[in-house]
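[1] Give me coordinates for this.
(chains A and B)
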Amino acid sequence: MWWRSASFILDRQQHQNRTVAPSPESFLLSSPPPMADSPLNPKSNISAYYQTRAAHHAVVTSDWLAQAQAAVGRHSDDDGSLGDDKGAAPIGGGGGGGGEEEGSGKAFSVIDEFNSWRKQPALAEAVAAIRALAAVIRTSEATTMMELEIELKKASDSLKSWDTTSISLTAGCDLFMLYVTRTSALEYEDFNSAKSRLIERAEKFGEISCKARRIIAMLSQDFIFDGCTILVHGFSRVVLEVLKTAAENKKHFRVLCTEGRPDRTGLRFSNELAKLDVPVKLLIDSAVAYTMDEVDVVHFGADGVVESGGIINMMGTFQIALVAHSMNKPVYVAAESYKFARHYPLDQKDMSPARRPIDFGVPIPSKVEVETSARDYTPPQYLTLLFTDLGVLTPSVISDELIQLYL
Amino acid sequence: MDPRRTARTVSDPKVRQVGFFTPAPPERSISDPPRFQDPIQPPSPSPTQVNDHSPSGNSLSPVMIPPAHHHSDNFLRTALQVTSPTKAFSYSAKTVTIPPENEDVASSFSPGRKVVSAKSPSSFPGVKASSVPASELTTVSVVNLPPGISEKAGGASVEVQNDRPVSAKTLKEKTSKAERRALQEAQRAAKAAAKAEGTKASSAASKVVTSANTKPSKAAKSSSQKNDGSQVAASEKKGGDRAPEKDRKKDAPHPRMQYDDKSRVEKAKKRAVVKQTEARNRVELFRHLPQYEHGTQLPDLETKFFELDPMHPAVYKVGLQYLSGDIRGGNARCIAMFQAFKEAIKDYSTPPEKTLIRDLTARISSYVSFLIECRPLSISMGNAIKFLKNRIAKLPLALSESEAKSTLMLDIDRFINEKIILSEKVIVKHAVTKIQDGDVLLTYGASSVVEMILLHAHELGKHFHVVVVDSRPKLEGQLLLRRLVRKGLSCTYTHVNAVSCIMQDVTRVFLGASSVLSNGTVYSRVGTACVAMVAHAFRVPVLVCCEAYKFHERVQLDSICFNELGNPDAISKVQGREEINYLDGLVNQENLQLLNLIYDATPSDYVSMIITDYGMIPPTSVPVIVREYRRDHLWS
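    Numbers count the residues shown, from 1 in each chain, chains lettered A, B, ... in the order given. The predicted structure is shown next:
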């Protein structure tokens, strides 16, 4: 039935091609290993950030498959390989742990450290960076504060340059530097006590960052009411936490998940929600406007919150926000404060591009261009509120907070 | 001194009226001379008066006092002997209640003062103040010289004479005026009281003098304890110029005067150093703004040079440059002003028996009011002046004069460097990141920061095209264009009429600003709002470049309330094209009104980003900057 939806056709073709391209990681461009462990970002034209996200969340897991199989029985032999892939992540994490140990043996590399932390799916990239930087302080052999500071600066710079596309990584490093170095510790006479003070602060900052998600979940409970329908886009761990908390609080709500092509984050998200017994419905990305009238609130996560109060998030966020805005539905964004970045994009093209390979399932003729950008920018006027660990903020307050954080 | 704020304070206008003005209608008419005086007797009487009386104000004082007052004076002269308690009573009576006989009591005060002054010539301004309607007094502030004073005094007396016969005034007008005066009076009273309280520790003499000079009626409150004799002695002791200076400081005019208030304008005119003839046909909506016949001020000011003796030559020069338009642009004006002040501070020496902090503040205030007369202050200059005055006030008392002066000069330099020059550099650094290869940048008018941005981006080797939009009558864009083209940038030049055609090719709009107000409104060269609006309609990002010292906490919704009127001739005539003479001979026609606005207000909706020395911020964050950093550089 060729006149059916394109995605249907593509899906089928994908199934047929699965021997060639067995997983969503079957990239249009030649597929790199999902986790880049080398100190240098192997493919600079591909956003490491989105690769990681894909590795963590975009994989259609085996339990999803089990459910799907039970429901349909069509995908029977589908993604055994994907299950393996999923399994690889924790193993990789373990390997990273090993890397840390061996790092203490040989020259310590902040990138290795970062990568080892990064492999934990529950850990945000910024928090991983914060942990890695804390480890830098710990393993540092510097004997003066200045030396230590320079070392820290170098480490944070190398982290930032390792993946320039990740906003939260940059913001996390910057904030860490501010938080750690802007302290009276630098005035201590004794270097060791100063250093331990720094480590203390670094750990504390890591703690705060970890707790942020919890705080946001608590704050946002007032905005989820019984019987509401929530539209989510992409896989956001914060939004998941919010919804989880709401479910634990015995709220009755329904969730609509977009599919989240190309890495299908929505599938995994719906799977997580189904585990919580939350009624969930999957939409293809283009069905947002069609279903918007039954939606009560829209919830997004964010890759970065920028100075204007707008957010940078997975591709598709902007258009959903536009639809929601035109139908007068509130749009809420859940984002931890370490994602606040001193960027100010003026329009969609005014960001450093984050490329991501897109799998269309069929070979694309070389003359056809493909838009491979992984994210878009949603201006503040389309957002209603932001749930952050600093409180529930309107977009215009973001700049206020940023000014206070950075100046 | 802020009239708007006073309006809210409680005080019964009627009380005032009764207390000060005897029921006789002619008396009241005194208060409202302008209409009369305006056409018939322009400044001419004042010079003559000056000649007559300038050296010794002494003889003047009786002349100024309206006959009715004289009457009460006589009554009071006897009453003078009355002890202080009664006087105190009269004061309270004035401000609070209105017993019928109060008028006598109240007026009694002024006569008393007059007597005092008769004894001591030096204190005559105080006398005059008491006898002349109070509002007159407030505006006196700017006059710093004996000649100026006498001139004013002459004006006052003239008014009296004129108005006496013409008692006919609408009742409404009278009351409103009286009301205003009452408010002012009340406020002044409050201030005096506060001051008296505050300065108790300081020498009694100075206190008396201040109170006597500036708030004759209220002074009693503070000075009631002292007897008249001490007062007299005190005032006698002081140098002659003391009093006017005090006046000046106290009554520095509100920078934003309501020019449709005739009496106020009249007063302002009297104290004005620069004589400016008002243009006749002004547009209805903008009557509250000053508009002067162009070209009338300069020669007048030049002839005045030797009379303006406390005016430092550097300040004078800058004033003239403002007047003639040689210095324009927010930063240039601000820097020029500060450099003049620096010169003035360098040459300043504290007069004997005065403190540097107070005297220098008064001095600066007088300079500022002179500059205001030459051209209304820009908001950035207002902020800078606030900074300087604050610096002066915060000087440690222990500092010696030379140390204090060098600290101040350093502060001025620091302000110029940090707040203007460095912040421009920071803005350029930020703004350049928003320029990409292939961009088409549009700018309007000539902004120094935008010019720096464009040049810097060009130096960095970015390839972009510049559209310079310009408008009559100033055609400042041509200047910018000239500099850009010389540096090899590729430019398009057009007038604002074509902005909607060119906008579809533009990718960024860079605008300068005179000020950014705390609701995000951008106050800038007229036409900016139009350009921003068109850009918004075409979804082109509008970037406003503005140094943070130009931010102001005021909120403004339109460009009517506060604005500046330019020379209407500039738009009625086209220079260099004699054949366009359709308006010749029509300019003074009653039914023709020409409006040449200088500024307009761009709503924050049209602004995508404000680039300032604290980074790139959305227009909603202007109050944050004002809140966080104004405090820093002003109050620390």
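[2] dump the residue contacts of B:Ser608.
    Neighbour list for B:Ser608: A:346, B:541-543, B:618 [criterion: C-beta atoms under 8 Å, 6 or more residues apart in numbering or on different chains]. Backbone N, C-alpha and C define where each C-beta goes, glycine included.
[3] which residues of the chain fall in strands?
    You didn't pick a chain, so chain A it is. Under the criterion DSSP state E, chain A contains strands at A:228-232, A:253-258, A:280-283, A:297-300, A:304-305, A:311-314, A:331-334, A:375-378, A:385-388, A:391-393.
[4] that's the wrong chain, I meant chain B
    B:439-444, B:464-470, B:490-495, B:508-512, B:515-517, B:522-525, B:542-545, B:551-552, B:599-602, B:609-612, B:615-617.
[5] Format these as CSV; extra columns: mean pLDDT and distance to B:Val450.
    Below are the strands of chain B laid out as CSV (pLDDT from 0 to 100; distance: least, C-beta to C-beta, whole Å):
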stretch, mean pLDDT, distance to B:Val450
strand B:439-444, 93, 5
strand B:464-470, 94, 10
strand B:490-495, 93, 13
strand B:508-512, 94, 5
strand B:515-517, 92, 15
strand B:522-525, 92, 11
strand B:542-545, 94, 6
strand B:551-552, 90, 18
strand B:599-602, 92, 15
strand B:609-612, 93, 10
strand B:615-617, 90, 15
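[6] Looking at the ones you listed, spot the one closest to chain A.
    Nearest of the strands of chain B to chain A, taken as C-beta to the nearest C-beta: strand B:615-617 at 4.3 Å.
[7] neighbouring strands for the closest one, and are they parallel or not?
    Each strand paired with strand B:615-617, and its direction, by DSSP bridges: strand B:609-612 (antiparallel).
[8] Give the buried residues for the strand it pairs with.
    Of the residues in strand B:609-612, B:609-612 count as buried by neighbour count, 16 or more other C-beta atoms under 10 Å in any protein chain shown.
[9] circling back to that earlier point, determine which stretch of the strands of chain A is the most buried.
    With neighbours defined as mean count of other C-beta atoms under 10 Å in any protein chain shown, the strands of chain A peak in mean count at strand A:304-305, which reaches a mean of 29.
[10] Spatially nearest residue to A:Lys339, not counting backbone neighbours?
    Ranked by C-beta to C-beta, 6 or more residues apart in numbering or on different chains and with sequence neighbours excluded, the top spatial neighbour of A:Lys339 is A:Ser168, at 4.6 Å.
[11] any idea how far the one you found lies from chain B?
    Counting by C-beta to the nearest C-beta, to the nearest Å, the gap between A:Ser168 and chain B amounts to 19 Å.
[12] so how far is A:Phe318 from that residue?
    18 Å (C-beta to C-beta, to the nearest Å).
[13] higher neighbour count, those two?
    Per other C-beta atoms under 10 Å in any protein chain shown, whichever of A:Ser168 and A:Phe318 has more neighbours is A:Ser168, with 26 against 20.
[14] thinking the more buried one is in contact with A:Glu125, fair?
    Yes: using C-beta atoms under 8 Å, A:Ser168 is in contact with A:Glu125, at 5.5 Å.
[15] Need the overlap of contacts for these two.
    Contacts common to A:Ser168 and A:Glu125, judged by C-beta under 8 Å, 6+ apart, are A:Tyr49.
[16] Residue numbers of the stretch 351-500 of chain B in contact with chain A?
    Contact residues (C-beta under 8 Å from any C-beta of the partner chain) of the stretch 351-500 of chain B with chain A: B:Lys434.
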